[in-house]
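Enquirer: kindly return the folded structure for what I paste below:
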Amino acid sequence: VGFNRAAEQVSGYTLDEVKGRPIWDFLIVDDEMAAIKERFSRITQSEAPVEGENDWVCKDGSRRRISWWNSAMRSETGDVDYIVATGIDITDKREAETKAELYRQVFEHAKDGIAIFSADGELVVRNRAHYDITGLTDEEFISQPFEPLHSPEGRKVGEVIKEHGSYRGEIRNRRQDGTELPVDLSIFSIQDDSGQVKYFAGIGRDISERKEAERKLRRAHEVLEERLRYEEGLAAFSQALFTVEDSQEALHQALHYLREASRCATAYLAVNETDDNGELFARFVLYVVRPGTPPWDQDEFPGLLYSQGFDRWREEMSQGRPIVGQAQDMPVSEQALYEEYDVKSIIALPIVVGGEWYGFIGFDDVDSYREWSDEDVRTLSTASEVLGIYFERQSFGEALRVSETRLRRLVENANDVIFSMDMEGHFTYLSPLF
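Expert: Numbering: from 1, shown residues only. Down below sits the predicted model:
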């Protein structure tokens, strides 16, 4: 009956095109058909206006969302003569509301902490992740203007923002409980149409997992480098022991390679002996030091008497167990010696020869309180085992030489004629009396 200009503009239809046609034949979508017919039924039965909204299918196939205010015009007898529907196109409004809700959901559920501040530095709003990252309530946070996250670098961040209007970098965020976590922080300004700064937005991402993964990767590289360094050092150590003829020089070179591989300040070799009182002590027979490290005075400190504060060393190493740790954690009875020589970390590994505890090799770190790695203990333990084999071989060789000398003297001084022959009857040995 009626179809005004606004209706024509929204739908794309003219009055002539719609006049006499039921609206549900062309304007109403199928999934809303039942609801529209039910609304018309309520309009005819109600004295009050009926409100509602639904989509219109436009002539070009697009849809527009219309908010309706419907009322019935009745005759004197109360019958419905006409239904007047006044509609407002709310398509853009609904789309804006949908987007706003989407943005709100993104804001609230983002894993990154987001905080919005006024240009004066007052907190406007922040999301749940920001609460989790900082551990602060709004009341606790409000007193810190211009700091999207609490951080030791907060003042520096503020200065950068004031100078450049934005900030991007990694900071350490201090939580309410005092713990710190690394955060990738981005801060930027939000301006109005005139270019005036209205707000500052800060987005902080907890990068603890990334930092931990980076740390583990670095550690893996360090372990690999450490292992290669030790393998090279252990190979040079073994070659020196079994190829250099002079035993003292062989031991000196071997210990030098181990010290370099361990990156310690000092490496030393000690053998167990018994003093005039029958007490066991370790006599230091060899030591090597890093260039620039003060050398030991062997006259001042020739050995270590286990009974004078180092019973633990005797007990542990006699059972094949190494001494490993930081000087500050060692027993009080050992502290004075470590302090005198400025030793901060130490590792000593027993040398076993013929099943007996023979002595030990030791390594000192004077630079830092070092945490000895499994690779340190494993490789240096292998070196101590090789030294045990080396000394056992040396002992066997010496015993064999002594035995041969004694046998030769016995044969040469015998009163009987002694000779030996090969299988073809040729003499291979004749005693002096022959």
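
Enquirer: so where is the protein shaky, pLDDT-wise?
Expert: 1, 142-154, 295-301, 395-422, 427-434 (pLDDT under 70).

Enquirer: grab the most central residue of it for me.
Expert: residue 212 (1.6 Å; Cα atoms, centre = their mean).

Enquirer: separation between that residue and residue 70?
Expert: 63 Å (Cβ to Cβ, to the nearest Å). Bear in mind the C-beta positions are built from the backbone N, C-alpha and C, glycine included.

Enquirer: so where do the strands sit in the stretch 101-250 of the chain?
Expert: 113-118, 123-126, 167-174, 180-191, 197-206 (DSSP state E, counting those that start in this stretch).

Enquirer: got the angle for the longest one vs strand 197-206?
Expert: It stands for strand 180-191. 160 degrees (axes from the mean of the first three to the mean of the last three Cα atoms, to 10 degrees).

Enquirer: how far off centre is stretch 266-285?
Expert: Counting by Cα atoms, centre = their mean, to the nearest Å, stretch 266-285 is centred 44 Å from the centre of its parent chain.

Enquirer: what's the end-to-end length of that stretch?
Expert: 14 Å (Cα to Cα, to the nearest Å).

Enquirer: tell me the most buried of the strands of the stretch 101-250 of the chain?
Expert: Neighbour counts averaged per stretch over these are highest for strand 113-118, at a mean of 20; criterion: mean count of other Cβ atoms under 10 Å.

Enquirer: what's that one packed up against?
Expert: When contacts are defined as 3 or more Cβ pairs under 8 Å, 6 or more residues apart in numbering; DSSP states H and E, strand 113-118 sits against strand 123-126, helix 128-134, strand 197-206.

Enquirer: looking at the ones you listed, which is nearest to residue 174?
Expert: helix 128-134 (8.6 Å; Cβ to Cβ).

Enquirer: can you pull the buried residues of that closest one?
Expert: 129-130, 133-134 (16 or more other Cβ atoms under 10 Å).

Enquirer: export the residues you listed to JSON lines and tack on distance to residue 39?
Expert: Shown next, in JSON lines, are these (distance: Cβ to Cβ, whole Å):
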{"residue": "129", "distance to residue 39": "43"}
{"residue": "130", "distance to residue 39": "45"}
{"residue": "133", "distance to residue 39": "49"}
{"residue": "134", "distance to residue 39": "50"}
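
Enquirer: residue 29: which of these is nearest?
Expert: Closest to residue 29, out of all of the buried residues of helix 128-134 and judged by Cβ to Cβ, is residue 129, at 39.4 Å.

Enquirer: circling back to that earlier point, nearest to residue 79, of the strands of the stretch 101-250 of the chain?
Expert: Of the strands of the stretch 101-250 of the chain, nearest to residue 79 by Cβ to Cβ is strand 123-126, at 55.4 Å.

Enquirer: for the closest one, packing partners?
Expert: By 3+ Cβ pairs under 8 Å, 6+ apart, strand 123-126 packs against strand 113-118, helix 138-142.

Enquirer: could you dump those to TSV with distance to residue 195?
Expert: Formatted as TSV, those follow (distance: least, Cβ to Cβ, whole Å):
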stretch	distance to residue 195
strand 113-118	17
helix 138-142	28
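
Enquirer: among these, which is nearest residue 384?
Expert: So among the helices and strands packed on strand 123-126, strand 113-118 is nearest, using Cβ to Cβ, at 52.9 Å.

Enquirer: off-centre distance for that closest one?
Expert: 28 Å.

Enquirer: next: stretch 229-243.
Expert: For stretch 229-243, the distance to the chain centre is 34 Å (Cα atoms, centre = their mean).

Enquirer: and of the buried residues of helix 128-134, the nearest to residue 118?
Expert: Nearest member of the buried residues of helix 128-134 to residue 118, counting by Cβ to Cβ, is residue 130, at 16.0 Å.

Enquirer: now the closest one, nearest residue through space, not along the chain?
Expert: residue 113 (3.5 Å; Cβ to Cβ, 6 or more residues apart in numbering).
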